[in-house]
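Visitor: sequence unknown, structure follows:
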């Protein structure tokens, strides 16, 4: 297995700040905008976006967190984490513009599950999607509104996002598993 | 009695607690590790969030069929399993001994095989014979959940009690927890003793000697079974303190859990009279004043108010009895979710 770094800590910092600007720009301000981070690494990303927005605009944006474990359409095997984490909506989401935040966009199935979960909480005015990395290979008609970096990948490659809050460092790597080609 | 496992927790990375969930069945909590108990507690937290929504329903178990098979009466256990299953999007079928083919003499194994043949993925069962769910688990591909078997075990009650205690007191380790009442005939007491001991609580059981299980009666209290127990000993228990005097037992307690006095025990001559039992063992406000400040009053239900617990205490601020019932739904959702997902 060989890994190489696609985004450094500095690249991640810049991408987060750019996405934060784009969120403010696209929503023409921040009224009724809330960020919802998807566990695990979408949560610290959402917090960083909120922090960046606070720095530029002086306004704070509500931040929620969402575990999609109860909405998956695939039964995860034993190796997959089935531990459910906190779900908390910062506001009654009816009429709010919700920006879902995740680390990697791949098949789109997690996002589908997250949208199902959000609609169980209410009827947002809109749902937007921010991801740090879009690696392609969609299986559902889902596209992101804000992308840190598009990384074309092969199916046998893995994109690994490491964040300070969870992993102790900021880095995005791509690894290729040998022998599966 | 050891439950079937797909792999031992030692094979899993220690960092990920849910990865330690390899159980196919929930038969008792006597062989649960602290990590497994933590997994159930964490999952219950997530289920509490679902229960707090306007529409408490998620599609996690969509397409799964849960059968509740009760050979004994039940209100809260059965209702909460049914609610739990429905909140997770499963189909729930309830079968009672009365009104089913069991009345025509169908054996337990034939009944559960039939239920499996019609597509049951999870079987929740209560039976008056200790060990009945173990027998069923050996004959079934479906996940078996013990909702009470004889005097032996009632694991989901112990899990919801643990959850309720943690919700109020945080850490359970080192807490002084008194269980008072008919310990000998109580599956609730037994499962609670296991779960609480595993989490490091100091458990004190309080009962007249006739209502203590054989291993805990004063004469043999010093050489009761050790923490590992003898697997063939049906009523093996971890070490607990025994005190026949309730006033002394509740001194400084963090939790006092009282059990229903099963009136049918009276016929066996185990107690001189209900009135005497109430005098010596009723949990009331005066006795609770000896416990630690903020100590919790718990009862698994159904209650005989005025016998094992005073009506005033039931509705006091210290009482978390209703909360136990509410938490029962979330804990059972967690168990159904973990078994339906982990058992594949």
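Guide: Good, I have the coordinates. Note that the structure is predicted; figures quoted are calculated from it, not measured.

Visitor: now for chain B, the helix or strand with the poorest mean pLDDT.
Guide: helix B:264-267 (a mean of 72; mean pLDDT, DSSP states H and E).

Visitor: ditto for chain A
Guide: For chain A, counting by mean pLDDT, DSSP H and E, that's strand A:2-7 with a mean of 90.

Visitor: just to revisit the earlier point, other residues contacting the least confident helix or strand of chain B?
Guide: Helix B:264-267 has contacts (CB atoms under 8 Å, 6 or more residues apart in numbering or on different chains) with B:182, B:185, B:211, B:271, B:274. In short, each C-beta sits where N, CA and C put it, glycine included.

Visitor: again, 10 Å this time
Guide: By CB atoms under 10 Å, 6 or more residues apart in numbering or on different chains, the residues outside helix B:264-267 that reach it are B:182, B:184, B:185, B:210, B:211, B:271, B:272, B:273, B:274, B:277.

Visitor: of those residues, buried ones?
Guide: B:182, B:184, B:185, B:211, B:271, B:274, B:277 (16 or more other CB atoms under 10 Å in any protein chain shown).

Visitor: mind checking the pLDDT average for the longest helix anywhere in chain A?
Guide: Secondary structure of chain A per DSSP state H: the longest helix is helix A:9-26. Mean pLDDT, computed over helix A:9-26, is 97.

Visitor: how about it: buried residues?
Guide: Those would be A:11, A:12, A:15, A:16, A:17, A:19, A:20, A:23, A:24, for helix A:9-26 by 16+ other CB under 10 Å.

Visitor: what is the next helix or strand after that helix packed up against?
Guide: Next helix or strand after helix A:9-26 toward the C-terminus (DSSP states H and E): strand A:33-38. Helices and strands touching strand A:33-38, by 3 or more CB pairs under 10 Å, 6 or more residues apart in numbering or on different chains; DSSP states H and E, are helix A:9-26, helix A:42-57, strand A:63-66, strand A:97-105, helix A:109-121, strand A:126-134.

Visitor: hmm, who's touching the shortest one?
Guide: Same thing as strand A:63-66. Contacts for strand A:63-66 (CB under 10 Å, 6+ apart): A:34-40, A:42-44, A:46-51, A:53, A:85-91, A:93, A:98-102, A:113-114, A:117-118, A:121.

Visitor: again, only using 6 Å
Guide: Outside strand A:63-66, the residues that touch it by CB atoms under 6 Å, 6 or more residues apart in numbering or on different chains are A:35-38, A:43, A:46-47, A:50, A:86-90, A:114, A:117.

Visitor: all helices of the stretch 101-250 of chain B, in order?
Guide: Assigned helices in the stretch 101-250 of chain B, in chain order: B:108-117, B:132-139, B:155-169, B:187-198, B:246-249 (criterion: DSSP state H, counting those that start in this stretch).

Visitor: reformat these as CSV; add mean pLDDT and distance to chain A.
Guide: Formatted as CSV, the helices of the stretch 101-250 of chain B follow (pLDDT from 0 to 100; distance: least, CB to the nearest CB, whole Å):
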stretch, mean pLDDT, distance to chain A
helix B:108-117, 92, 19
helix B:132-139, 95, 19
helix B:155-169, 98, 14
helix B:187-198, 96, 19
helix B:246-249, 96, 37
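
Visitor: could you check how far the closest residue in space to residue B:45 that isn't next to it in sequence is from residue B:34?
Guide: Leaving aside its chain neighbours, residue B:45 sits nearest to residue A:86 (7.3 Å; criterion: CB to CB, 6 or more residues apart in numbering or on different chains). Residue A:86 is 21 Å from residue B:34, where distance means CB to CB, to the nearest Å.

Visitor: ok, residue B:64 touching residue B:89?
Guide: No - counting by CB atoms under 6 Å, residue B:89 is not a contact partner of residue B:64; they are 8.0 Å apart.

Visitor: looking at these two, which has the bigger crowd around it?
Guide: Each of residue B:64 and residue B:89 has its neighbours counted (other CB atoms under 10 Å in any protein chain shown); residue B:64 has more, 22 against 16.

Visitor: buried ones in stretch B:253-265?
Guide: B:253, B:254, B:255, B:256, B:257, B:258, B:259, B:260, B:261, B:265.

Visitor: name the nearest of these relative to residue B:193.
Guide: residue B:257 (10.3 Å; CB to CB).

Visitor: correct me, but the closest one touches residue B:176?
Guide: No - here residue B:257 does not reach residue B:176: they are 11.7 Å apart, not a contact under CB under 6 Å.

Visitor: picking up where we left off before, redo the buried residues of helix A:9-26 as TSV? Include distance to residue B:161.
Guide: Below are the buried residues of helix A:9-26 laid out as TSV (distance: CB to CB, whole Å):
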residue	distance to residue B:161
A:11	50
A:12	45
A:15	48
A:16	45
A:17	49
A:19	46
A:20	46
A:23	46
A:24	49
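
Visitor: turn the residues you listed into a markdown table, columns for distance to chain B.
Guide: A markdown table is the format used below for those (distance: CB to the nearest CB, whole Å):
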| residue | distance to chain B |
| --- | --- |
| A:11 | 28 |
| A:12 | 24 |
| A:15 | 28 |
| A:16 | 27 |
| A:17 | 32 |
| A:19 | 28 |
| A:20 | 28 |
| A:23 | 26 |
| A:24 | 30 |
